[in-house]
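Participant: next input, structure requested:
(chains A, B, C and D)
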Amino acid sequence: MNLELTQQIRDQARGLLKSGTVKGVIGYERASDGLTARPFFAYELTGTDQLIFDETCSHNLVKYLLDKKGEKMAVVVKPCDSLAINLLLNEEQIKREMVFIIGVSCTGVVETAWNQKSQTLQARCQTCRLPKPVVYDFLAEQEPIRRLEGELYPDILEMEAKPIASRREFWHEQFGRCIRCYACRQICPGCYCPECFAEQLSPLWVGIRIALGENELWQTNRTLHLAGRCTGCNECERACPMDIPLSLLNRKLEKEMEELFSFRAGLTSEEQPPFATFRKEEKLGFEE
Amino acid sequence: MNRNMDRKIGVYICHCGSNIAGTVDVDAVTEFAQGLPSVVTARNYTYMCSDPGQDLIREDIKNLGINRVVVASCSPLMHERTFRQVCESAGLNRYQFQMANIREHCSWVSEDHGAATEKAKALVSAAISRVYYNEPLETREVPINPNTLVVGGGIAGIQAALEIADSRHKVYLVEREPSIGGHMIQLDKTFPTLDCSACILTPKMSLVGSHPYIELMSYSEVVEVSGYVGNFKVKVKKKPRYVDVDKCTGCGECEKVCPVEAPSEFEYKLANRRAIYRPFPQAVPNVFAIDKRGYPPCRAACPAGVNAQGYIALISQGKFKEALDVLRRTMPFAGVCGRVCTHPCERDCERGKVDQPIAIRSLKRFMADYELKAGREKATPVKRTKEEKVAVIGSGPAGIACAYDLVRQGYPVTVFEAAPKAGGLLRYGIPEYRLPNEIVDNEISYVQELGVEIKTNTLVKNLSEVFNQGYKAIFLATGAGVSQKMNIPGEDTLGVIHALDFLEQISSGAKASLGNKVAVIGGGNAAVDAARVAMRLGVKEVTIVYRRSRAEMPAIPSEIEEMEHEGVKIHFLAAPVKVLSKDNRVTGIQCIRMELGEPDASGRRRPMPIKGSEFDIDVDNVIIAIGQMVNKEMLPKELAFTGWGTLVVDPITLQTNIDGVFAGGDVVSGPADVIAAIATGKEVAVSIDRYLCSVDLKEGRPEARESVKDVPKEGVVTKERAVMPVLELGKRAGSFAEVELGFDETKAVAEAKRCLNCAVCSECQECEKVCEAKAIDHEMQDEVVEEDVGAIVVATGVKVLDHTQFSIYGGGVYPDVISSLQLERMMSAAGPTGGEVICPSNGVHPKDIVFVSCVGSRDERTGNGYCSKVCCMYMAKHAVMLKEHYPETHSYIVYTDARGPGGKIFEEFLTRAQEAGTTYLRGRIDKVSQCDGRLSVSGQDLLKNKTFNIPGDLVVLATGLMPSDGVSKLAQSLNISYDTKNYLLQAHVKLRPVETFTDGIFLAGCAIAPTDIPESVAQGGAAAEYVLKLFSHDVIDAEPMTSIVDISRCSGCLLCRQVCPFTAIEAETLKDGRVVASINESLCKGCGVCVAACRPGAIKLRGFSDQQLLAEVMAL
Amino acid sequence: MNLLASKDNLIRWLDLLLHEHVVIAPVRVQGLTLFQPISKAEEVDLDFDNTTLPPKGWFLPPTETLFSVQRNDGQTKLVPAMVERDALIFGVRPCDARGIALMDKPLLQEPSDALYRERHARTVLVGLSCRQARPECFCTSMGSAPNDASYVDILLTEIEVGYIVQVTSKKGKMLLPESFTEYEGVLPTPPEPRAVPIKDVMPAMKGLFDDTYWERLADRCLHCSICAYVCPTCYCFDVRDYSDRGNIERVRSWESCQSSGFTRIAGGYNPRATKGSRLKQRFYHKLLYFPEQFQDIACVGCGRCIKACPVNIDIREIIDDLQQLEAKSGA
Amino acid sequence: MKVEYQPKVIGFLCNWCSYAGADMAGTSRISYAPNVRIIRVPCSGRVDPLLVLKCFQRGADGVLISGCHPGDCHYTEGNYHARRRFALLRNFLDYLGIAKERLRVEWVSASEGQRFAEIVASFTTELAELGPCVKERSLG
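Facilitator: All right, here's what the predicted structure looks like:
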């Protein structure tokens, strides 16, 4: 456990709870395998010493703010998570004054599963370009992390280079395994629709049939709904029980939004999202 | 909504005669439809849109309780409305109906019967599964604004406007030209009845002009239209006429005095019209307009903004006194600047691009001399309207110009001059042979006569003293009168004189003793003046020593030339190092050779001495003229100075660091030309006026003066620029008589006539003087007016292709190759030739006239590919008319297909033309050339299949018709469609010829396609009828196809609000605090952009809901 | 009496079974091990802890068509769903087999689920006892054991020389080939998974329905459906009718009590709208309602829900917490 | 006889320009391949990418979306938004194995009947070469 960061977070949490500025602090605590971390809600002072922070704190806690809209909460936020805060602010889902952001300048989180903790950094951390959160009220500092300059989309380029038939077959196999548990939707800060299109009866877009035909429609449109909004925390891929490489989908659209509209999600909370506007003279491949 | 929810669908398949049944197996489709779910009955009939067809539906609704109807027939754009009314008449909500387009999209576009039938089945099944979700909708009632906008004042627009206004509805008729009438008013006679066009049109025009319900907005353009049927918001830009339409009586006095002429567009350049003009005598509104195209390049280039085109135009009319008044509006120094100005105006004169610029400076001088010769009467002093006294220190050009402007605004102005006489460097700097003191005195005394008090021999040293004397503002214009030192050894030995002191001595009459040889150091005007004065004082040898080369010499080039003619030598690339002397008397000067290096800050190349290249010139005197400096001691200490010793002032307001104290001229800029000094003087006058009236000094300054672009130059005959006569060399020695002798009257007028009148109206304001109605206002600006209207009629008409575009047919090459409208204007009694048809080249009646048809018509490359419909008829008319007027003429008509397009007695008219002896020759012409003085039209005779070659005196090209310019921009603003050639598209070519797809917008006349007068009138009337139908009740049913938000699904992300083009979506806070989107039904147009943007699918577009579209996709 | 099968005659036996049965066995797919039909024995991969998804999918498939109505040119035909062939599921862990047995209680109780019953009848379970207990395993506390053969037709236990074959049912007996030899040796001792005291969890739960414990627990729960779909004893499903161009299909698919629409009733009201209430329902069903109705706790201790839950909702932790809470409030 | 593969195309045509353009092709009797089934929408901006996905799921081999030329939209901005949405969708479908040529976006004005017919013809031949889309995906 990173003692230095953990201590700063605990002190900050205790201060906030004692002064009553927030109703609760959303952070991490040791999981039941004694090895990795899991989200933790501290409402009383005693709870604050369960708060920890280390390289297994992978969850994006910003999602939980959507359930606590009525109360002022504090939330521990890694740099990549902070992008989601800007997303939700931009989409009027949370109010800035209702959130106290405890930023953490983290040195990257590792691949984890229950009772498994590897040493290799997660892919998103290997190409991380954010030294510290883009927005925070308090920053738990630590020695500056080394600049990671990994190439951004090697896997996407490789997939794009494949012949179209083998891409087709690859995605058939992946979508064929999806059991529609919707964990990818439930863990994503960008998914907050009261009734998801996949569960609506009228119009009936997606049937309940857990099979390739419906799965493909569900995964394709879920990814499209995150175009220009996904902030790359990649928690969906980590939560997927069926090992479906969802980051290959999300980051493909992240690359497309960069190339088509030079837009990256979450950098600010004011910028107009790409599908809210247009430029008259852009051709985007459809000639006049 | 009927009681039970289950759907009972009736399907009706139309044969449409053989249109559908010919290709689609209607019985198979009917049987297929019968088998589909919820389909109670499926029938087919030959003509569903006919009464028996409609009754089929009505009966089924009544008897079988059908609550959903599908009609598979033609395009919904055609009969959706019809069948909706049928459902409504049978008691079924009109929106529980759906059409399947199995004609335009199916039977008409495939030959394969089997495929067409399969496609029809698919389209029918899609419509059936879609109609299942068609809920009943109620139309919304929208109030209508009963006014109408008619765009375009041609015959079609006039007809529509009159019809609508006669039924007491207000019409805004917007016409782009100064008068309505369009092309028709330009015609002489109209076919086939040969009525005089004006006789049948002018009555209608005057009706429009005086109609209580028509607001004529002439010389105006529609810039933007928003809103929808019944509630359009129109922005109309009223172009500045510079004549008040209500006051002008049309008397025409102004036109008589206007000095400027420009080719008349109305007469297609066969005649000219004045800058203030009326397109034609019977114009409606019968008022004048002034053609102003901004600042002429000469006026824009002048630092003081002198209106050169203004006074030149008056000179060209011999009105020399009025011309001088124009100049005196800006400054008093006609004579001074006429002689010594550096004339930047001539550099930008557009005439320079044809041959040579106009001699603007010399013309300025001519006016002053003319008045002086005739004896100037005393100027009437200006009435004092202001108390604040203003003090001007220094009576140079800057000071006097400032005083001149202030006194004319009623300020009491006193000029303090240290020297014995006023004028500054004008008197003491510039020698008499260039600028006689008499001229300076005359123009300064003119300023004094206006009321400016000039106190000479009074040196002002202390500013507070001036303020104590009650002066409220001070202008320091003390110039830069101190000559710059050379800082070389021996500079102050006897015999070394400074140029300014030297020139001052001479001009104030003192004697100067010079030796035989004199060297003048420097290359500016002062050096040249000093050298020429020295020559005149009898010095044998005068040499200029200048450290750069000729190109860098700052003096006026013409002055340098005159100096060299008078025998002065120039040593280029040499600089003085030491003054040689013997017993304190100058014996010579040692100089060093120079070479030019990199350009310095001023852009001129920096001179570098070449080591060891010294050489001596033995002279008796050395005159130093290397520059002037401000005499700092003479100025109060508390002022802020720059590194150069000039005063620090705010670049825009010219105020010094002391409040109320301004500075300008050489004292700020360092040595500069006279016109720059005058310009700063005028700026200071503006600052002082604002300062005294405590108005913000900076607002709106400096005024941007944009010069006219692309001045037309074709048809301008080149003519040499007038040469300025000069005193021959012999007489110049020993005398200070003026070298340049000035223009006489004839030369001035001839030179002034060369002016191209770039800005057309020269703002000489002669018209204003003669206008009793006081209707002229040269300061008018664009004005955008916003009107609310309920309906719009677009009658923007056509423009005729310019015949000069067809050079291979001689257009624009030979003057005798004219366009048919030019011929029309010649034949018109009110036209340029008073009804006489002549060859423009020699004015003689043409004997043989060749008419060429389809020039740019039916030809994609040059025109619109359409037949322009009217040419064949008017060519026949021309032939008949010519025969009547000039029996001896013979007309040839080279035609591709002589068309009398079905009008009443059109065909008879064509035969009448033939009977009148016109040779109709079916052929295509290759080119028109000239041989032995006559034109010859050669081409291919299609009937006899051999080439022909017709000699002719006059060739008339019947050029094609194209939509007016800017119609596509108007169409985009109106959201109506137009074809690739910009002709506007009707809703349906046959059935809805004057309607557009957008409700409330109608078309008439040539804006749709080339039409003749009878059709334009008919379409104008038809459009009016549709408008009146719309206004027959004060509300209309608006389509209910708008969007609505399902708040249970809305996540409040408000992306929809950002994409909505009509700002129809707002955030709404619910009772439980949740924020959701809410759509304003009256603004929503039903485009559905928000529906596609809404991720949770919370927005439903009624009539095009996701359910309905998905149902179609699922069925296809 | 037990038999012994060497590795290769086990393979040969499998190939033999392939002729009349659909053999479903654990197969390595990317990072997972899934029960999948195999075409040849080599595809089986036996070194796995437990499959990602339990064998329940072959009794109650993720999605199936119950029946369909076809209309073409006027006639309407009802087509019921058919179970084509006998199946043999190879390599079932004892806890999963017990899971099937627990599901039998509600699904085979009259009126039983026809398709489930038929599949159950035509499926042979060949079990594979566990060699080592994973940290998430606690089958012994839940009425099962690493070598429990009572719910399989044949139980294989791997030893150095091959596999001990215990035959527990007639169906199993009929399938045995002659090539297996007799085996008198003693069965190896099973591994010892963690014990989870559950004695007084049911009484505890009776008193804790309104405790704030559930709401706090649900704070971190995402309400996805992983725990339900990976659980061998969760058998909830949803049925919907779909019509397409006049044909109708009744489709049944897995559904989980965690999804928001699970208890939404006509008119839009949802008795379990809050997060806490849905999470609570999962554990009350497993630890209280099911046992009250069918005497057994609806959990076999396979630990899949613990491994797969993205936010580590650990049922053992909950069982301990409930008993401590009851003890604290009771005393 | 061998049933030669006929690509199935679903066309979303905007009511103001392209639908009228298709009508124009009809009134001028320009025959073109019958494979396209036209659905009328108020504006190309109304077409939801999910609707296009549904077309492909339902076995369409190609989807044509046709609206007014940029600048001519009856609702001023609808086609601009459509252009952005389908620029992204095209690349994403291609990435997922549905060739980007199968989704075609065109600007057809009310007078371009001939051009509409040419577009449908070239689209149909292109899809015929590409072969059926359904074959590559088994309907679950």
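Participant: excluding sequence neighbours, find me the nearest residue to residue C:74.
Facilitator: Residue nearest to residue C:74 in three dimensions, not counting chain neighbours: residue B:35, with 6.1 Å by CB to CB, 6 or more residues apart in numbering or on different chains. Backbone N, C-alpha and C define where each C-beta goes, glycine included.
Participant: for chain D, see how far away that neighbour is.
Facilitator: Here the criterion is CB to the nearest CB, to the nearest Å. By it, residue B:35 lies 19 Å from chain D.
Participant: can you map out the helices along the chain?
Facilitator: If you meant another chain, say so; for now it's chain A. A:3-19, A:79-90, A:123-126, A:154-161, A:164-177, A:183-186, A:212-225, A:235-239, A:246-261 (DSSP state H).
Participant: that's the wrong chain, I wanted chain D
Facilitator: Taking DSSP H as the criterion, chain D carries its helices at D:18-27, D:49-57, D:78-95, D:113-130.
Participant: residue B:971 is nearest to which of the ones you listed?
Facilitator: Minimum separation from residue B:971 across those (CB to CB) falls at helix D:18-27, 14.4 Å.
Participant: briefly note if that closest one comes near chain A.
Facilitator: No: in this structure, helix D:18-27 remains apart from chain A according to CB under 8 Å from any CB of the partner chain; the gap is never smaller than 13.5 Å.
Participant: what's near enough to touch the closest residue to residue B:229 other than its chain neighbours?
Facilitator: Beyond its immediate neighbours in the sequence, the residue positioned closest to residue B:229 (CB to CB, 6+ apart) is residue B:1000, lying 3.0 Å away. For residue B:1000, the contact set (CB atoms under 8 Å, 6 or more residues apart in numbering or on different chains) comprises B:228, B:229, B:230, B:232, B:790, B:791, B:792, B:1030.
Participant: also residue B:317?
Facilitator: Residues counted as contacts of residue B:317 (CB under 8 Å, 6+ apart) are residue B:259.
Participant: then the one 5 residues further on?
Facilitator: With contact set as CB under 8 Å, 6+ apart, residue B:322 has these partners: B:314, B:764, B:766.
Participant: please name the nearest non-neighbouring residue to the most centrally placed residue in chain D.
Facilitator: Nearest residue to the geometric centre of chain D (CA atoms, centre = their mean): residue D:64, 0.5 Å. For residue D:64, ignoring the flanking residues on the chain, the nearest one in space by CB to CB, 6+ apart is residue D:11 at 4.2 Å.
Participant: dig out what the one you found forms beta bridges with.
Facilitator: Here residue D:11 shows beta-bridge partners residue D:38, residue D:64, assigned using DSSP bridges.
Participant: run a quick neighbour tally on it.
Facilitator: 28 (other CB atoms under 10 Å in any protein chain shown).
Participant: tell me how far it lies from residue B:1114.
Facilitator: Look at residue D:11 and residue B:1114: by CB to CB, to the nearest Å, they are 16 Å apart.
Participant: out of the helices of chain A, which is closest to residue C:295?
Facilitator: With CB to CB as the measure, helix A:183-186 is the member of the helices of chain A nearest residue C:295 (32.6 Å).
Participant: now that closest one: how far from the chain's centre is it?
Facilitator: Distance, stretch centre to chain centre, for helix A:183-186: 11 Å (CA atoms, centre = their mean, to the nearest Å).
Participant: over to stretch B:92-110?
Facilitator: Put simply, stretch B:92-110 sits 50 Å off its chain's centre (CA atoms, centre = their mean).
Participant: could you tell me the end-to-end distance of that stretch?
Facilitator: Taking CA to CA, to the nearest Å, the span from the opening residue of stretch B:92-110 to its closing residue is 35 Å.
Participant: just stretch B:721-738 next, same as before
Facilitator: Between the opening and closing residues of stretch B:721-738 there is a gap of 22 Å (CA to CA).
Participant: got a list of what residue B:1027 touches?
Facilitator: The neighbours of residue B:1027, taking CB under 8 Å, 6+ apart as the test, are B:148, B:160, B:164, B:169, B:791, B:793, B:1002.
Participant: out of everything not next to it in sequence, what's closest to the residue of the stretch 201-350 of chain B at minimum distance from chain A?
Facilitator: Nearest residue of the stretch 201-350 of chain B to chain A, counting by CB to the nearest CB: residue B:224, 16.6 Å away. If you skip the residues right next to it in sequence, residue B:224 has residue B:235 as its closest partner in space, 4.2 Å away by CB to CB, 6+ apart.
Participant: quick revisit: do you know the pLDDT at the residue nearest to residue B:229?
Facilitator: Reading off the confidence values, residue B:1000 has pLDDT 89.
Participant: likewise for residue D:109?
Facilitator: 91.
Participant: over to residue D:137?
Facilitator: 42.
Participant: same question, residue B:1101
Facilitator: Each residue has a pLDDT score; the one for residue B:1101 is 96.
Participant: how about residue B:1028?
Facilitator: At residue B:1028 the predicted local distance difference test score is 93.
Participant: okay, residue B:861 and residue B:960: tell me how far apart.
Facilitator: Counting by CB to CB, the gap between residue B:861 and residue B:960 amounts to 11 Å.
Participant: how about residue B:155?
Facilitator: Residue B:155 sits 19 Å away from residue B:960 when distances are taken as CB to CB.
Participant: those two - which one has more neighbours?
Facilitator: Just comparing residue B:155 and residue B:960: by other CB under 10 Å the higher neighbour count belongs to residue B:155, 32 against 24.
Participant: flag the shaky bits of the chain, pLDDT-wise.
Facilitator: All of this refers to chain A. Low-confidence segments of chain A (pLDDT under 70): A:1, A:144-150, A:288.
Participant: that's the wrong chain, I wanted chain C
Facilitator: Flagging of chain C using pLDDT under 70 yields the residue ranges C:330-331.
Participant: quick one: stretch B:1002-1017 near chain D?
Facilitator: No: Stretch B:1002-1017 lies out of reach of chain D by CB under 8 Å from any CB, never closer than 11.7 Å.
Participant: tell me how far that stretch lies from the chain's centre.
Facilitator: Distance of stretch B:1002-1017 from the chain centroid (CA atoms, centre = their mean) equals 28 Å.
Participant: which SS class is the closest residue to residue C:246 other than its chain neighbours?
Facilitator: Of all residues not flanking residue C:246 in the chain, residue C:71 sits nearest, at 4.6 Å (CB to CB, 6+ apart). Residue C:71 falls in the strand class when you classify it by DSSP: H, G, I helix; E, B strand; the rest coil.
Participant: buried deepest among the helices of chain A, which one?
Facilitator: Ranked by mean neighbour count under mean count of other CB atoms under 10 Å in any protein chain shown, those are led by helix A:183-186, which reaches a mean of 25.
Participant: packing partners of it?
Facilitator: Helices and strands touching helix A:183-186, by 3 or more CB pairs under 8 Å, 6 or more residues apart in numbering or on different chains; DSSP states H and E, are helix A:235-239.
Participant: pull the helix it packs on out as PDB, backbone CA atoms only.
Facilitator: Listed next in PDB are the C-alpha coordinates belonging to helix A:235-239 (Å, rounded to 0.1, in the frame of the first residue of the first chain):
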ATOM      1  CA  GLU A 235     -13.000  -0.500 -16.500                       C
ATOM      2  CA  CYS A 236     -15.600  -2.100 -18.800                       C
ATOM      3  CA  GLU A 237     -13.000  -4.500 -20.200                       C
ATOM      4  CA  ARG A 238     -11.800  -5.300 -16.800                       C
ATOM      5  CA  ALA A 239     -15.300  -6.000 -15.500                       C
END
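Participant: next up, the contacts around whatever residue of the stretch 1-150 of chain B ends up closest to chain C.
Facilitator: For the stretch 1-150 of chain B, the residue closest to chain C is residue B:37, as judged by CB to the nearest CB, at 5.3 Å. Contacts for residue B:37 (CB under 8 Å, 6+ apart) come out as C:243, C:246.
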